[in-house]
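[1] Provide a 3D model corresponding to the input given below.
(one chain, ligands or ions: 1)
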Amino acid sequence: MRIVSIDSREDHAVELDTAADVALRRDDFLVPPAVGGEFPLTAYLAGNSLGLQPRATRGELMADLDAWEEYAVHGHTDADRPWVDYHEALRGPAARLVGALPREVVVMNSLTVNLHLLLASFYRPTAIRHRIVIEDYAFSSDSYAVRSHVAFRGHDPDTAVLRLRPRPGEDTLRTDDVISTLNDHAHSIATVMLGGVNYLTGEVLDMQEITEAGHAIGATVGWDLAHAVGNVPLALHDCDADFAAWCHYKYVNSGPGAVAGAFVHERHLDNPALPRLEGWWSTDPATRFEMRPVSQPQATADAWSLSNPPIFAMGPVRTSLELFDSVGMDALRDRSLRLTAYLRGLLETLAARSDVVIVTPDDDAHHGAQLSVRVRVDVADLTERMSSNWGVVADDRQPDIIRLAPAPLYCTFHDCWRAADALSQELTGEGIA
Ligand SMILES: Cc1ncc(COP(=O)(O)O)c(C=O)c1O
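    Predicted coordinates:
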């Protein structure tokens with residue numbers, strides 16, 4: 001979505017906010033007070049890092065604490081939401097968000113832990129086929145995870161981890177180049193594990209095409225959806241991904257370190273030959289408490305879960321997933337595209353009179369809510385000044401990127417305007433209008 005000529009007046013942003021919009025649920029969130037500037041509340045564009053707190057979360061959390069007080073150990077079975085199968089309530093909404101069948105999804109652990117558990121099953125190196133493909137600018141934890149897996153299986157991470165780089169002078173990957181690299185190293189690649197939306201550039205990769213290309217060379221394909229879930233429409237089942245993992249603390253707003261999600265494609269669920277790390281939550285719940293020595297997993301993603309779930313951390317995920325169900329991804333994406341198109345238009349106005357560069361691709365198929373901007377000043381200092389002088393919260397990634405993400409559930413057009421204005425004021429000494 002492209003806005004050809006942008007009206008950069010503040011009044012216009014305010015007008016845009018008066019239109020009714022089913023996907024705007026700002027009143028359901030707690031927006032923090034601004035630390036600086038003329039507005040009482042923060043313009044919060046850091047939902048790509050940590051989403052805001054839904055108002056409902058505190059009450060739900062208190063209800064779970066009350067159940068512990070009232071039932072103690074009997075809460076496992078007698079609480080209003082019995083703890084023993086608490087995670088069942090999260091399965092459906094999480095599956096809808098990532099485009100999966102309910103039995104392909106389980107909410108558990110944290111993101112990097114889930115990546116490790118899934119790599120333990122889906123990275124099956126041989127002497128020749130032992131490479132893992134990631135983005136050169138993959139999130140550090142993913143890089144550490146795959147390097148440690150490769151080393152764990154006796155291979156050299158410096159040669160066995162293949163890092164995809166954009167062309168010289170470009171910031172993002174081209175699908176054709178990704179596919180060529182896979183074909184060039186077809187016999188040595190065991191697993192492809194990429195970010196659905198890259199954390200740094202905000203680029204959305206062509207998941208379907210890359211998954212197909214990975215399978216065509218005989219590799220398994222998994223996705224880190226940390227920046228994709230709750231941000232862009234996903235179709236994990238249909239794109240035939242082998243595995244995926246994500247967190248719920250960014251666009252899904254379930255709180256810092258929230259319990260994460262994992263996906264295993266249906267076609268792997270009934271495969272007894274697939275190795276797996278297991279615990280007592282892997283086994284069939286019907287016989288779990290018989291404490292048998294050998295597990296009997298059901299054909300669901302739960303077979304990858306290990307421990308009884310942390311109930312006080314599951315409640316916030318349940319609460320925030322409900323919000324997504326009530327809005328729906330189509331309406332959310334529609335609002336997201338309008339917000340980012342507006343923000344991009346303002347940033348292009350700024351780019352025309354300064355040296356900022358918008359790194360995130362501008363075709364709708366290749367971006368979500370985040371726009372990454374390259375600047376020529378100290379980024380940590382810049383984001384600090386945007387907050388203390390203008391009440392705008394963005395985040396920075398060294399050495400030269402600031403990320404602005406108008407999360408559609410709670411960000412307004414006026415928030416976008418404030419972000420562009422703050423950036424303009426700090427970089428050029430003039431406002432955006
Ligand atoms: C793309 C990506 N992968 C992995 C991680 C690590 O997540 P966690 O600390 O939940 O394991 C993050 C955290 O922000 C991330 O953005």
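
[2] any idea how far residue 190 is from the closest residue to residue 160 other than its chain neighbours?
    Spatial nearest neighbour of residue 160, chain neighbours left out: residue 150 (4.4 Å); criterion: CB to CB, 6 or more residues apart in numbering. Every residue, glycine included, has its C-beta placed from N, CA and C. Going from residue 150 to residue 190 by CB to CB, to the nearest Å gives 9 Å.

[3] quick revisit: packing partners of the helix or strand hosting the residue nearest to residue 160?
    Assigned by DSSP states H and E, residue 150 falls within helix 140-152. Under the contact definition 3 or more CB pairs under 8 Å, 6 or more residues apart in numbering; DSSP states H and E, helix 140-152 sits against helix 111-122, strand 131-135, helix 157-160, strand 161-164, strand 189-195.

[4] overlap in contacts of residue 150 and residue 190?
    Counting by CB atoms under 8 Å, 6 or more residues apart in numbering, the shared contacts of residue 150 and residue 190 are 125, 130, 132.

[5] quick one: pLDDT of whatever residue of the stretch 251-400 of the chain ends up closest to the ligand?
    Among all residues of the stretch 251-400 of the chain, residue 260 sits closest to the ligand, at 6.0 Å; criterion: CB to the nearest ligand atom. pLDDT for residue 260: 98.

[6] Now for it: which residues touch it?
    107, 108, 109, 110, 111, 113, 114, 245, 246, 247, 248 are the contacts of residue 260 under CB under 8 Å, 6+ apart.

[7] make it 10 Å
    94, 106-115, 225-226, 229, 245-249, 252, 254, 317 (CB atoms under 10 Å, 6 or more residues apart in numbering).

[8] Got a PyMOL select line for the buried ones in the residues you listed?
    In PyMOL, a selection of the buried entries from the contacts of residue 260 looks like this (16 or more other CB atoms under 10 Å):
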select buried, resi 94+106+107+108+109+110+111+112+114+115+225+226+229+245+246+247+248+249+252+254+317
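
[9] Could you tell me which of the contacts of residue 260 belong to strands?
    Residues of those located in strands (DSSP state E): 106, 107, 245, 246.

[10] Next secondary structure after the lengthiest helix in the chain?
    In the chain, assigned by DSSP state H, the helix with the most residues is helix 329-351. Next along the chain after helix 329-351, taking DSSP H and E as the criterion, comes strand 357-358.

[11] neighbouring contacts of that following strand?
    171, 202, 343-344, 347-348, 350-351, 367, 371-376, 400-401, 404.

[12] can you narrow the residues you listed to ones near the ligand?
    Of the residues in those, proximity to the ligand by CB under 6 Å from any ligand atom holds for none.

[13] Give me the buried entries from the residues you listed.
    For the contacts of strand 357-358, buried by 16+ other CB under 10 Å: 171, 202, 343-344, 347-348, 350, 367, 371-375, 400-401, 404.

[14] which of those residues lies closest to residue 18?
    residue 343 (18.1 Å; CB to CB).

[15] quick one: the residue lying closest to the closest one once chain neighbours are set aside from residue 393, how far?
    Counting by CB to CB, 6+ apart, residue 343 lies nearest to residue 416, which is 4.1 Å off, once chain neighbours are set aside. Residue 416 sits 13 Å away from residue 393, taking CB to CB as the criterion.

[16] Show me which of these two is the more surrounded one.
    Taking other CB atoms under 10 Å, residue 416 and residue 393 do not tie; residue 416 has more neighbours (27 against 23).
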